[in-house]
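# Next come a sequence and a model predicted from it.
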Amino acid sequence: MEWRQLLCEDRIRNYKAGKSSGDLRTEFEKDYHRIIGSASFRRLQDKTQVFPLDKSDFIRTRLTHSLEVSSLAKSLGQNISRKIIQEIGDESFHEPYQTDVCDILQCAGLLHDIGNPPFGHFGETVIREWFLKNLGKLTYKGRTLESLLLPQMKGDLYHFEGNTQALRLVTKLHYLVDEHGMNLTKGLLGTIIKYPVSSLEINKKSGNIKDKKMGYYYAERDIFADLQESLGTDGNRHPLSYVLEAADDIAYLTADIEDAFKKGCITFVELMHELKECGKGEKEDGEYFRMANALGERYKKALARKVSQPENHAVQNWMVRVQGKLITCATEGFATNYRKIMDGTHTRGLLCGTEGERLAWALGDIAYRYAFVSKPILKLEIAAETIMNFLLEKFMDAAIYYDTEQKLNSVQEKMMALISDNYKAIYQIYSKDKGEVEKLYLRLLLVTDSICGMTDSYAKGLYQELNGLAIT
């Protein structure tokens, strides 16, 4: 792969004329402003990161998480670019590319969760499980949807992914000017495709990170092919997707611990204990002991300064150190595996094989045991499942025969009226001249598009209204 192609400024709908003489922004800087100004990005402020429907001002939402990932990704881009120029010595990576790399990664961080449904990753799970349970039961003209849809169409639904939805949203659903969505640069679009395979090519046992999940729907197969050709990735991960993934990992590994502490899911003493337990068997100057000692030192300094909440102060400051450590490790991971990354043969994340790998694992394990399986989270997820299943059932019942010769009943018509006119317009554009089965598939995506566009509060409110629980 070549950086000249990988940093492609072209757009799916290109325009060369009409540039304002006073507009000195690069194409990637224009991407940034398109994202920041979009309703889709703003809706992330009311989507779950870990704690659904939390009222605390402190606890992170998808919006604050995305801003953090954006910042970390840009920092990693700066570090890695300097490594390439000063140490690796790749002459094809020209000095001005550093700015482009940082701009692309900054934008990619903002976008990486933009396709996620309400209620976090659990919302994705509910959608997948709903289709696995119901595609064999729902019928269209006397045949089950499972028997009608093509294998990749079914795979898209059975393996539904927020990452994949992000590509669909920014290339089609976000109606900026026309049916090309935000019409972002190809270099940016390639970066947000973390898994450059279809739903039929998922192979979690391959040992290659790119096969872990799908990266595009059947509906976006032409867009994916266009990006592969323009970027020269040839079915491989875009090198910057490794950086984006590392930034995401660093952000949530540290933030989840901090949020769990703030929510009272884990105490300061418990966190210290967990770090020391992780360090059992290693020398006293080992990584976990150093990290535990660093946390303890920050607590002592907070006490000396008479900070009102010394434990909270210590954890927050300690997390900054952890992030710095992981950024250094990810940078080294990219540099060490540079040739493999550039020829498409690198199969693992950037933290793998570095000093940060064990630390990252430990933080993830602590967050899982103290936060993700805590009773408050489990209760909220059960409630979220009820909401999501209800909405899927009601909208799917209406969508199956939408835009066909069969007349919808009054309730079905009302359900379809609740779906965004923009989404329905996109459906009409992309279903034109398509066969009956593909139109059916696109109507199912119309429902997932609509639900993924909802915030947590909107989904909850709509559920209550449709069940007569919030009529005013």
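Perfect, I can see it now.
# List the buried residues in stretch 362-382.
Residues of stretch 362-382 classed as buried under the neighbour-count rule (16 or more other Cβ atoms under 10 Å) are 362, 363, 364, 366, 367, 370, 371, 372, 374, 377, 380, 381. For every residue, glycine as well, the C-beta is placed using N, CA and C.
# quick one: low-confidence parts of this protein?
Counting by pLDDT under 70, the chain contains low-confidence ranges at 15-21, 49-59, 279-286, 470-472.
# Okay, domains of the chain per the record?
The record's domain parsing of the chain by automatic domain parsing lists 3-14+23-115+151-238, 241-376.
# Among the ones you listed, which comes closest to residue 409?
Distance to residue 409, taken as Cβ to Cβ, is lowest for domain 3-14+23-115+151-238 among the domains of the chain, at 24.5 Å.
# centre of the chain versus that closest one, how much separation?
A distance of 9 Å separates the C-alpha centroid of domain 3-14+23-115+151-238 from that of its chain, computed with Cα atoms, centre = their mean, to the nearest Å.
# start at 40 instead
Sure thing, new numbering starts at 40, so read that last one as domain 42-53+62-154+190-277.
# Now do the end-to-end distance for that domain.
Domain 42-53+62-154+190-277 has its terminal residues 10 Å apart, counting by Cα to Cα, to the nearest Å.
# Can you give me the neighbour number for residue 437?
22 (other Cβ atoms under 10 Å).
# Correction: the previous question concerned residue 475.
As a burial measure, residue 475 scores 11 neighbours (other Cβ under 10 Å).
# How about residue 285?
Other residues near residue 285 come to 27 when the count uses other Cβ under 10 Å.
# related to what we said a few turns ago, now, the buried residues of stretch 401-421 that are in helices?
401, 402, 403, 405, 406, 416, 419, 420 (DSSP state H).
# Just to check, the second one is in contact with residue 297?
Meaning residue 402. No - in terms of Cβ atoms under 8 Å, residue 402 does not count as a neighbour of residue 297; the distance is 10.4 Å.
# Against residue 66, how distant is the nearest residue to residue 64 once chain neighbours are set aside?
Beyond its immediate neighbours in the sequence, the residue positioned closest to residue 64 (Cβ to Cβ, 6 or more residues apart in numbering) is residue 72, lying 7.6 Å away. The span separating residue 72 from residue 66 equals 11 Å under the rule Cβ to Cβ, to the nearest Å.
# out of those two, which sits in the more crowded spot?
Looking at residue 72 and residue 66 with other Cβ under 10 Å, you find the greater number of neighbours at residue 66, namely 19 against 11.
# ok, and the closest non-adjacent residue to the more buried one?
Distances taken as Cβ to Cβ, 6+ apart put residue 48 closest to residue 66, at 4.1 Å, once the chain neighbours are dropped.
# Can you tell me the number of residues neighbouring that neighbour?
Residue 48 is flanked by 15 other residues according to other Cβ under 10 Å.
# That one should be in a strand, yeah?
No - checked against DSSP: H, G, I helix; E, B strand; the rest coil, residue 48 lies outside a strand; its state is coil.
# ok, it - contacts?
By Cβ atoms under 8 Å, 6 or more residues apart in numbering, residue 48 lies in contact with 65, 66, 67, 224, 225, 226.
# what residue of the protein is the furthest out?
Ranked by distance from the centre of the chain (Cα atoms, centre = their mean), the top residue is residue 343, with 40.9 Å.
# quick one: it from residue 335, how far?
Summarising the geometry, the distance separating residue 343 from residue 335, computed by Cβ to Cβ, is 13 Å.
# thinking again about what came up before, I'd like to know which of the buried residues of stretch 401-421 is nearest to residue 155.
Distance to residue 155, by Cβ to Cβ, is smallest for residue 420 among those, at 14.8 Å.
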